[in-house]
Structures are given as structure tokens and as C-alpha cells.
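**Student:** structure for this input, please:
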Amino acid sequence: MKRSYTEICLEDFRAMMRNHCKYWMVIMVLVSIYEVANALSENAKWLFHVKHDLQDPSGVLENWSEGTSICDWTGVSCSPDGFGVVGLNLSGSKLSGIISPALANIQSLRILDLSSNNMRGPIPPQLGNNLHDLEILSLFENYLNDTIPPSLGDLSNLSELLLYSNDLSGTIPREIGLLKKLKVLRIGDNRLTGPIPEEISKCRELRVLGFASASLNGSIPRTFGRLLQLKFLNLQDNFLSSSIPVELGNCKSLERFAVARNDLQGAIPSALGKLKMLQILNIANNSLSGHIPPELGRLQSMIYLNLLGNHLDGEIPKELSELWQLQTLDLSANNLSGTIPGTFDRLENLQFLVLSENSLVGPIPNTLCAKSKTLQHLFLAGNNISGSMPITVGRLKNLTFLDLRQNDLDGEIPPSLGHCKMLQVIDLADNKLSGTIPPTFGMLEGLRMLVLYNNSLEGLLPRDLINLKNLTNVNLSNNKLNGSIIPLCGSSFLRTLDLTNNSFSGEIPSQLGDSRGLRRLRLGRNGLNGSIPKQFGQMLELNLLDLSWNNLTGVLPAELAKCTQLDHLDLNMNHISGAIPAWIGDFRGLGELKLSFNEFNGTIPSQLGNCTSLLILALDNNKLWGNLPSQLGNLVALNVLYMQKNNLSGPIPSSIKSCKKLYDLRLSDNSLTGSIPTEIGSISNLQVMLDLSDNFLSGSIPSSLGDLMMLEVLNLSNNQLSGQVPDEVGDLRSLDELNLSNNFLQGQLPLSASKWHWISFVGNPGLCGKPLDPCSQASLESSGSRRNQLTKGAVAGISVAIVLGLILLGIIMFVVLLKIYAIWAKAVSSSSSVYHGQDFELSNEECRWTFEDIVEATHKTRDAYSTGSSESHNFPKRICIC
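**Tutor:** Prediction:
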């Protein structure tokens, strides 16, 4: 069929259009490819800048190169259409350096995660200015500093902001409140300041709010009650004050609320009882007061309730027994009173019950031990709980920690406790328990700590205790236990063994040396005998060894030289003999060396001067001889030095002046010679005693001793000291006891010496003055040179005394003359009538009043005034009228 011209033209036009569409489609594809390539190329350029600012020790960014597609670079995520980079995740890559501001140019970013690296420097404010599509910004666990940029408030699509665990400072920007889509905000563990901005409550989508350990202050905003979607609120470890807002009771979705270790005050709001979803409530270590709200018993989802360390009082609400899902209940360190609720046996899932350090009374409920099948930790220490321990305690099959110390429990320890096979710690110290240690304890193979000190336990140690192979800490001190200590030597893991003040006897078992990790061994105040086992040399970690107050004999075993970690060695009150070994000088950390009341002989090793950490050196009551080593001056930390009652000789070394921290120095009952070093006066901390008595010291008493202004006791008696007692010694204001007796001191005592009893100076024939006999003229002349050299203060005092004395004497004379005149006048006026008109004439001899008469009258008047006698009116009968 023949087509018309019009049809032919139309067909040609359609063919042409089809060809043009193909061309346009190709052009559009080419344009798109160009735009994608250009965008990726632009992103790559900025990421190269980012790489330039980073140090990459692990080579994580090695494939960030031009030869690799950017979408294949480590940590880089591109959009599904490949149009641009939407994610950068380099978390935990060990990167360091700074966060490059170039990241702000990758405007397609939705996720930026550089957390858990070593990034430093500030958060670039440009991130908030440009990355408007960003949804997650995760920079936690770095070392970022400076302030949080307010520009982050412009990230309108942000749902998660994680900046915690950095070194950020300043305040929380109020602009954070502009992030309407924000669901997670965690900026804790920084060095922020200031209060929590109330504007944050405008982020109504918040689910998680974490400000822990951020150094924030102020109060918890009441407007937080508007965060109805909030599930997690962590404000602990800050400086928040005021009270817990009642409005938080409106946060019905809240599951975890932690505000421990702040300074919150007031009562716990009963409105918290409306938080039906709450699982964790931790408000420990604040200053909250009042009663525990019974409404908390409505929180049926609660698994963790911690109220420790507040000022809560009243009784424990029985309503808490309704928290059937509760696993941890800690009410310790409050002021709670009353008894432990007997209904706590309903807490079928309870694992941790901590009621320590309150004022609870009454017995431990039998039902608590009979029905609590899940209980693992029972802490009731520091109360006034009385009665005996429940015999049903053996039913707590999962019990691992039992702490009942510091109560008033009495009676015997129930043998059923030995059936709690999971027990690791038993602490029953500071009670009134009696009887013996149950033999069933030998079945507690997992027991690590056995603490029973300060009770009245008696008898032998059960032999089966030898089976406790995992014991690390044992303290049975201050009881009445006796017999051998061998049953406690079964564990090679012992770290501490304290059996002080019992009646154990026999030899110290050499098996103790198998506990090579033993650090503290205290066996003092028992009846142990024999020698110190040489196997102790195997205990290389030993830092405290106390074997005092026993009957030990022999010498110090040379193997002890290996115990170089010793910082406390106490062997007082034994019968140990031999020389003090020089190897003790290798114990450079030794703080206390007590070898008193033994039979050590020989000289004091100079190597002790190497123990520069020594605080106490007690070698008294032994048989030591020889000189005091000058190396004692190296003991610059020394507080106490006891060397009395030995056979030491020679001079006191002047190097002792270097022991500036000495506050108790006793060198008495030796044969020391020479003079008292003047340098002792420079030991200004000497306070308790300076005792150099019963030696052969000579020379004068140094006036420098007057510088020991804190000294309380000074004893220099029974020496050969001579010269005069220095004025400065009498001026020691803190001195309570002074003994200078039995020396060769002479001269007049200082005026200040009068406050002391005469016994302080007896046995010095040449001394005089108060409190001794007055000095004779010869005594004064013999000491005149010193007494004439008065201080300016003394001269001024004497001058004032003389002036006052003269004034007083003048007043007395004036009074006497007035009295004489009055009597004379009276006699004259009555002379004509007293004798009935007869002339009464006196001879010239009778009329004469001599100077001696006036002096006698004056003396009698002065004495009468001083004694209060009436004799002051008995004047001579002669009256002078001429």
C-alpha cells in the first residue's frame, strides 16, 4: 500500500527522535558517571588530608591509595548508588594524631566513628557546621581535649553523640538541646564543669543519657521528668547536690538509674516507686537521709538495689521482701535500726545481701538461712546482732562469702557451716564466740580466708585443717587456742598467717617455709620454743615477721638473709643469742627492727646504717658491747632508738645529729664515755624521752639541749657530768620529768629549776638554790661569773623588783609614822587627867627615842602585815615628846 507523503515524513521524524533519545540517554549516563567519579574523587582528596594528620602504626590505612577504589578503603562506606562516602569507621585502629577538619568537607557522611584510638587535640567545630546529614558521631575513648563545640547543636539529624572517656573540659553546650532526634548522649568521664543544662530535656527522643564521672555540679534538672522515653540515666561520680527530683517518677520507661557518689541530700522520693520498669537503682554514697520508702517494694522488675553509704535511718521496710527478682540488696553503712526482716526468705533470687555497718539488733533469722537457696554473699558486719549463729546456716549451699565480724554473736560456731562447700571466705572476728573450731571446717576445700580473731575460741586446731590447700589468709589472733600450729601448714598459697596472743606451743613447723609466697607471719605472744626454722629463707616475699614474746632460742639462721623484702622484724622477748648478723644491712626496706630482751652479744654491725628506711631500732636489754657505730647517722628516717641496758662503751657519735626525725632516744645503762654531743640539741623532734642515764658521761650539760622544746622527759642521772645546770634546760616548756641526780654538777640552780622536785638534783653536793638548800656566800662566789652575767631580761626584772620594794618600804614607813603620831597626840591630850592632876615627868633618858627603836617597830609592823598578826600595834611604851 502506497504511503502518503505525510506518513513518510512522520515516520522519518519518529526514527530521528528514537536516535536522539538514545543519544540523550547515553549523555545522561555519562553525566551521572562523571558526577559520581567527581564526588568520589573529591571525597578521596579530603580523606587523603585526614590520613596526612594521622599516625598509623598498625598500617590500617595502607590501602588508602589512588590505585584502590575509595569504596574499598579500610573503614570507608559508600552509598548504595556509589554516589558518595556515607560512613567512616576506624574504631580501635590504634591511630593517633588529630581529627582533621577536612572531614567536614565530606558532607554525605552519616556515620563518623573514630572511637577507641589515641586521637588528641580538639573536636573540629567545622563538623557541626557542615555535616548536616550526620546521624552518629562516635569519638569516645580517645585523648581529645578543649571544649565541646557548640556547633554540634547544628547536627539536626544526629541520633547518637558519644564523647565519653576523653579529656574534654568546659561546660556542656546548651545547644545540645537543639538535637531533636538525639536518642543517645554519653559524654561522661571527662573534666567538664558547671551544671547539667536544662535544655537537654528538650531532646524528647532520648533513651540513654550518660554523664558519669564528668565533674559536673549543681542539681539534677527537674525537667528530666519530661524525658518519657528515657531508659538509662547515669549521673554517678559527680558533684551533684540538692535532692533527687520527684519528677523523675514520671520517667515510666526508666530501667536504670545510677547517681552514686555525689552529694545528694534529702529523702529518697517515694515517687520512684512508680517506675515499674526500673531494674537497677544505685544511689549509694550520697548524703540522703530519712527512711527507706516502702514504695520501693512495688518495683517488681528490680534486680539491683544499692543504697549504701548514706544517712538513712529507721527500720528496713518489710515491703522490700516483695522484690522477688532482686539479686543484690546493699543497705550497708547507714543508720538503720531494728531487726533483719524475717520475710527476706521470700527473696528467692537473692545472691548478695549486704547490711553491714548499721545499728541492727536481734538474731540472724533462721528462715534466712533455711530457705535462701541462691544466697552467695552474706555481709552483716559492724552491727549489734546478737544471739548464736543459726544452726541452719549449713543449708546455704551456694554461700561463698560470710562476713559477720564486729557483732555480739555468742555461743559456738555451728558445725553445719562446714557443709557450705562453696565457702571461700569466713570472717567471724570481733564477736563473743566460744568453744572450738569445728572439725567440719576441714571439708571446706575451697576456703581461702579464715578470720576468727578477737573471740574466746579455745582448744586444739582441728587436724583436718591440713586439708585446706587453698588457704591464703588466716587470722586467729587474740583467742585461747593451744597446741600445735601444724594443721595450718597444709597450704602452699598462704599470704598472711596471724596467730598472735594465743597459747600455741611446740616448735615452729618447718613446713611453713613451703608457703613461699607468705608475706606476713605473726606468731607473737604464744609459748613457742625451739629455733627459727632455716626454711624461712624460702619465703622470698616475706615483709613482716613477728615472733616476739615466745621462748625461742638459738641464733638467727643465715638463710633469713634471702628475705630481702622484710620491712618489719620483731623478735622481742625471746632467748635468741649470738651476734646480730651483718646481712641485716641488706634489708634496705626495713622499717622496724626489734631485737629487745634477748641474749644477743657482740658489737652492733655498722651495716645497719644501710637500712635507711628504719623507723624503729630497738636493741635494748641484750649483751651487746663495743662502740655505737657512727653509721647510725645514716638512719635519717629513724623515730625511735633503744640501746639501753647493754654493755656498750665509747662516746656517743656526733653523727647522731643527722637523725632529725628522732622523737625517742634511750642509751641508758651502758658504759658510754665522753661528753654529751652538743649536736643532740639540733634533733628538734625529740619529744618522748632523752635518756642517757647510768653511763660514764663527763663534761658539762650542753646548753643546746635547751633547743629541744618538745622534749617531755630528760634523764642524765648517774653519770660524771660537771659544771653548772644551763639556764636553757630550765626553760624547756614541755618537760614533765627531769633527772640530773648523782653527778658532779655544782653552782646555783637556775631560777626556773625551782618548779622541779629536789629529787631531780640530789646527789650533786655542789648544787644549791631552790628546790635545794640556799646557796652560801662561798657557793655564790664559786658560781659568780655565771650569775653575774645576767640576761637583759633578768636585769630588767631585778630592777623592777628593787623599785617596787623601795616603794613598798616607803609606804610601810609612812604608815608607821602616822601610827606613832596618833599615839603621841593621844598621850599628850590625856596626860593631865589620867593621873588625877599629878605631874607626870619623864627624864631625858626616858624621853629619848633611838633609831634602833624605830627600826624595831618598823620590822614588827612589816612582819605583822605579812603574817596578818595584830602585833603591828604593840609599839614601844616610851613616847618621845621632845
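**Student:** check contacts around S79.
**Tutor:** S79 makes contact with V85, V86, S108, according to C-beta atoms under 8 Å, 6 or more residues apart in numbering. C-betas here are computed from N, CA, C, even on glycine.
**Student:** for D736, which non-adjacent residue is closest in space?
**Tutor:** Here the nearest residue to D736 in space, its sequence neighbours aside, is E712; by C-beta to C-beta, 6 or more residues apart in numbering that works out to 4.9 Å.
**Student:** check contacts around that neighbour.
**Tutor:** Applying C-beta under 8 Å, 6+ apart to E712 gives the contacts Q687, V688, M689, S734, L735, D736, E737.
**Student:** what are the ranges of the helices in the stretch 701-850 of the chain?
**Tutor:** In the stretch 701-850 of the chain, the helices defined using DSSP state H, counting those that start in this stretch lie at 727-730, 777-782, 784-787, 792-830, 844-847.
**Student:** I'd guessed P653 sits against P629; true?
**Tutor:** Yes. P653 sits in contact with P629 when judged by C-beta atoms under 8 Å, with a separation of 7.3 Å.
**Student:** ok, back up a step: now tabulate the contacts of E712 in TSV and tack on pLDDT and distance to R519.
**Tutor:** Rendered in TSV, the data for the contacts of E712 read as follows (pLDDT from 0 to 100; distance: C-beta to C-beta, whole Å):
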residue	pLDDT	distance to R519
Q687	95	32
V688	95	31
M689	96	33
S734	91	40
L735	93	42
D736	92	40
E737	94	41
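**Student:** tell me where this protein is predicted with low confidence.
**Tutor:** Judged by pLDDT under 70, the chain has its weakly predicted residues at 1-40, 777-806, 810, 814-882.
**Student:** let's go with 90 and repeat that
**Tutor:** Scanning the chain with the threshold set as pLDDT under 90 gives 1-42, 66-67, 80-84, 345, 366-373, 728-733, 751-757, 770, 775-882.
**Student:** now G763: how far from N718?
**Tutor:** 8 Å (C-beta to C-beta, to the nearest Å).
**Student:** find residues that contact each of these two.
**Tutor:** What both G763 and N718 touch, as defined by C-beta under 8 Å, 6+ apart, is the set S741, N742, N743.
**Student:** quick one: which of those is most hemmed in?
**Tutor:** Highest neighbour count within the shared contacts of G763 and N718: N743, with 24 neighbours (other C-beta atoms under 10 Å).
**Student:** distance check, that one against N695.
**Tutor:** Separation of N743 from N695 (C-beta to C-beta) stands at 11 Å.
**Student:** now the contacts of E712: which count as buried?
**Tutor:** Among the contacts of E712, those classed as buried by 16 or more other C-beta atoms under 10 Å are Q687, V688, M689, L735.
**Student:** now the third one, what are its backbone angles?
**Tutor:** Spelled out, it's M689. When read as degrees, to the nearest 10, the backbone of M689 gives phi -160, psi 140.
**Student:** circling back: looking at the contacts of E712, which are in strands?
**Tutor:** In strands, defined here by DSSP state E, the members of those are M689, E737.
**Student:** now do the phi/psi pair for L54.
**Tutor:** phi -120, psi 150.
**Student:** now swap in Q236 and tell me
**Tutor:** Note on Q236: backbone dihedrals following degrees, to the nearest 10 are phi -70, psi 160.
**Student:** number of nearby residues for the residue nearest to it when sequence neighbours are not counted?
**Tutor:** Counting by C-beta to C-beta, 6+ apart, A260 is the residue found nearest to Q236 once chain neighbours are left out, at 4.2 Å. Neighbours of A260 under the rule other C-beta under 10 Å: 21.
**Student:** surely A260 and I280 touch.
**Tutor:** No. If you go by C-beta under 8 Å, A260 and I280 don't touch, sitting 10.8 Å apart.
**Student:** can you list residues touching both of those two?
**Tutor:** With C-beta under 8 Å, 6+ apart, A260 and I280 have no common neighbours.
**Student:** in this structure Q724 contacts A753, no?
**Tutor:** No. Using C-beta under 8 Å, Q724 is not in contact with A753; the gap is 10.9 Å.
**Student:** so who does L402 touch?
**Tutor:** By C-beta under 8 Å, 6+ apart, the neighbours of L402 are L378, V393, L417, C420, L423, V425, I426, D427, L428.
**Student:** did I read that right, it in a strand?
**Tutor:** Yes. Under DSSP: H, G, I helix; E, B strand; the rest coil, L402 sits within a strand.
**Student:** what pairs with it across the strands?
**Tutor:** L378, I426 (DSSP bridges).
**Student:** now it: how far from I176?
**Tutor:** On the measure of C-beta to C-beta, L402 and I176 end up 48 Å apart.
**Student:** which stretches of the stretch 351-500 of the chain form strands?
**Tutor:** In the stretch 351-500 of the chain, the segments counted as strands under DSSP state E, counting those that start in this stretch are 352-354, 361-362, 377-379, 384-387, 401-403, 408-412, 425-427, 432-435, 449-451, 456-460, 473-475, 480-483, 496-498.
**Student:** export the fourth one to CSV, keeping only CA atoms.
**Tutor:** Listed next in CSV are the C-alpha coordinates belonging to strand 384-387 (Å, rounded to 0.1, in the frame of the first residue of the first chain):
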residue,chain,number,x,y,z
ASN,A,384,24.8,-5.2,117.1
ILE,A,385,23.4,-8.5,116.1
SER,A,386,23.3,-10.9,119.0
GLY,A,387,22.5,-14.5,119.8
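**Student:** contacting residues around it?
**Tutor:** 340, 359-364, 404, 407-411.
**Student:** what residues sit buried inside that strand?
**Tutor:** Within strand 384-387, the residues scored as buried using 16+ other C-beta under 10 Å are I385.
**Student:** quick one on the thing from earlier: redo the buried ones among the contacts of E712 as a markdown table? Include distance to T612.
**Tutor:** Listed next are the buried ones among the contacts of E712 as a markdown table, based on distance: C-beta to C-beta, whole Å:
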| residue | distance to T612 |
| --- | --- |
| Q687 | 22 |
| V688 | 22 |
| M689 | 24 |
| L735 | 31 |
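**Student:** find the pair from those residues with maximum spatial separation.
**Tutor:** V688 and L735 (11.9 Å; C-beta to C-beta).
**Student:** what is in contact with the two at once?
**Tutor:** E712, V713.
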